[in-house]
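Novice: Let's see this in three dimensions:
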Amino acid sequence: MKSKFPRYRVELITAESEDSLLVRHRRLIRFPQLTMPLLAAWTPDHWEVSHTDEIVQRVDFDKPVDLVGITANTPAAPHAYTLAREFRRRGVTVVIGGPHATLLPEEVDQHADAVVVGEGELVWPQLLADFERGELKHIYKSCALPDLKNMPAPRWDLIKGRVYGKGVTIATRGCPFACEYCTIPQMYQRRMRYRPVGEVVDEIKRMPGRALIFWDDHIGANRAYAKELFTAIAPLKRWWTSQCTAEVAFDDEFLTLAARSGCKALFLGLETISQASLNVANKRHNHATEYREVIRRFHAHGIAVQAGVVFGFDHDDRSIFRTTVEFYRSAGLDSATVSVLIPFPNTPIFKRLEAEGRILTRDWSKYNGKKDVVFQPALMSPQELLMGMEWAARRFYSLPSVIERMARSRTGLWWNIARNLGYHLALRNFGEVGFNPEGGEPQLDRQNENACRGAKHALTRRRTGLKLVERT
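Specialist: As a prediction, this is how the structure comes out:
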């Protein structure tokens, strides 16, 4: 039967900043994002949907489409603006959403035909209907929050280049905490929501592959719900990972049920081993003195720990890099995402640092946490912070450290070692950058400095096929 609606074509783009590509492109494990596959599921049937994930694909500006939707975080915002400009120059309407659009919608509105603020599921069908009528508005923001009931399954078929699995979804959304540096409260308004467990189970049964990623911000926020979920998915024999807080380590029933249901690893936002820094960041629910026991308890249940490790809090001095690496090596931490503190725009920490005159730039591409420092640290120079972070990451992922940590962890060695080697290779690819600020500020070796620059330029040429000057 022929549809009574005309067919339209929309291209969805998961934008990635230059520096993020630089860091990620040699990692062995790169989880696919959920935003665009889920948004595609909310797209009416008379729209033809395609998706470009810049981690693994190039943007095709000449693809015949009627509308382009771009999601971008803050460091990817300038690049998203470049993409938007190129499509608009070709007469294609562009919509931008995601974290940065939620933080600074007025700025984003200068670069797009429409902006989606916050969660997009409820406004996306209305936006498409407005486009069809030629009545597109500038700003779309839902007056209500999606309750997650009857949520459609993500369009897993739109996930390309992910050999380790396409199984991404959520069971919950939001986080009850309000850490000073975090953008989650702005995105989700500190409102926890939960999908019916039965609907999650039915979706997982249809999911491709065996690996499963729950893109929940805190899957253990409601432990009664989490335990019900773990019990329900255990018969499905999936291997899964997600995010939660360290406090769940002291709930043995939670860990037992998680392990039985196939949990192989959990990401914990440990952030820093300094309790004073945790307190200032409004993260008092973390207790640094318990970190070693937290890791031990996860390992006792066969669950690996990936920690968020952040340097640059106001109580961090030049010794923080060495003491952090030594602590996590001795604790047998499985892996870590290491970065410098990022004061994202319009977060409490940004407003505080701005009031103190410590914000150094509003070039959002530098808000990447890996290759730039965008604020004045309290107890060291920006250069010392950046180089100390680089040094700590390389020491943490050095081969002796990998061997020591894996020997202490003994958790999921067949994939845990591979993941660590992926980080090791990704870091080694760009030369021996970084130094321990406790020992002074040596100059970078010229050959390694050129190797870093050459790698970045080669990646720039590879990425989108833009006939433009390279961005730095």
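
Novice: what about T289, distance to L266?
Specialist: 20 Å (C-beta to C-beta, to the nearest Å). Backbone N, C-alpha and C define where each C-beta goes, glycine included.

Novice: quick one, which of those two is more surrounded?
Specialist: Applying other C-beta atoms under 10 Å to T289 and L266 shows that L266 carries more neighbours, namely 25 against 8.

Novice: In this structure Y291 contacts I273, no?
Specialist: Yes. The criterion here is C-beta atoms under 8 Å, and Y291 meets it with I273 at 6.6 Å.

Novice: Quick check: which element contains T337?
Specialist: Secondary structure from DSSP states H and E places T337 in strand 335-340.

Novice: low pLDDT regions in the stretch 101-250 of the chain?
Specialist: Where the stretch 101-250 of the chain drops to pLDDT under 70, the residues are 162-165.

Novice: The strand holding T337: which residues count as buried?
Specialist: S335, A336, V338, S339, V340 (16 or more other C-beta atoms under 10 Å).

Novice: contacting residues for the last one?
Specialist: Which is V340. Contact partners of V340, counting by C-beta atoms under 8 Å, 6 or more residues apart in numbering, are V310, F311, G312, G369, K370, V373, L385, L386, M389.

Novice: pretty sure A331 is touching I295, no?
Specialist: Yes. Applying C-beta under 8 Å, one finds A331 in contact with I295, separated by 5.0 Å.

Novice: Neighbour count for the two, which is higher?
Specialist: Applying other C-beta under 10 Å to A331 and I295 shows that I295 carries more neighbours, namely 26 against 21.

Novice: so how far is R410 from the more buried one?
Specialist: Taking C-beta to C-beta, one finds I295 at 12 Å from R410.

Novice: do the same with G220
Specialist: Distance, G220 to R410, by C-beta to C-beta: 24 Å.

Novice: between those two, who's got more neighbours?
Specialist: It is G220, of G220 and R410, that has more neighbours when counted by other C-beta under 10 Å, with 23 against 11.

Novice: so what's the more buried one up against?
Specialist: A226, C244, T245, E247, V248, D251, F254.

Novice: again, only this time at 7 Å
Specialist: With contact taken as C-beta atoms under 7 Å, 6 or more residues apart in numbering, G220 is in contact with A226, C244, T245, V248, F254.

Novice: Equivalent analysis for R394, please.
Specialist: Taking C-beta under 7 Å, 6+ apart as the criterion, R394 is in contact with L427, G434.

Novice: Where does it sit, in terms of helix or strand?
Specialist: Secondary-structure assignment from DSSP H and E places R394 in helix 382-396.

Novice: What mean pLDDT does that helix get?
Specialist: Averaged across helix 382-396, pLDDT comes to 97.

Novice: Extract the C-alpha trace of the helix or strand following that helix and format it as PDB.
Specialist: Counting by DSSP H and E, the element after helix 382-396 in chain order, helix or strand, is helix 399-409. C-alpha atoms of helix 399-409 as PDB (Å, rounded to 0.1, in the frame of the first residue of the first chain):
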ATOM      1  CA  LEU A 399      53.500  -2.100  30.400                       C
ATOM      2  CA  PRO A 400      54.900  -2.600  33.900                       C
ATOM      3  CA  SER A 401      51.700  -0.900  35.300                       C
ATOM      4  CA  VAL A 402      49.400  -3.000  33.100                       C
ATOM      5  CA  ILE A 403      51.200  -6.200  34.300                       C
ATOM      6  CA  GLU A 404      51.000  -5.100  38.000                       C
ATOM      7  CA  ARG A 405      47.400  -4.100  37.900                       C
ATOM      8  CA  MET A 406      46.200  -7.100  36.000                       C
ATOM      9  CA  ALA A 407      48.100  -9.400  38.400                       C
ATOM     10  CA  ARG A 408      46.200  -7.800  41.300                       C
ATOM     11  CA  SER A 409      42.900  -7.600  39.600                       C
END
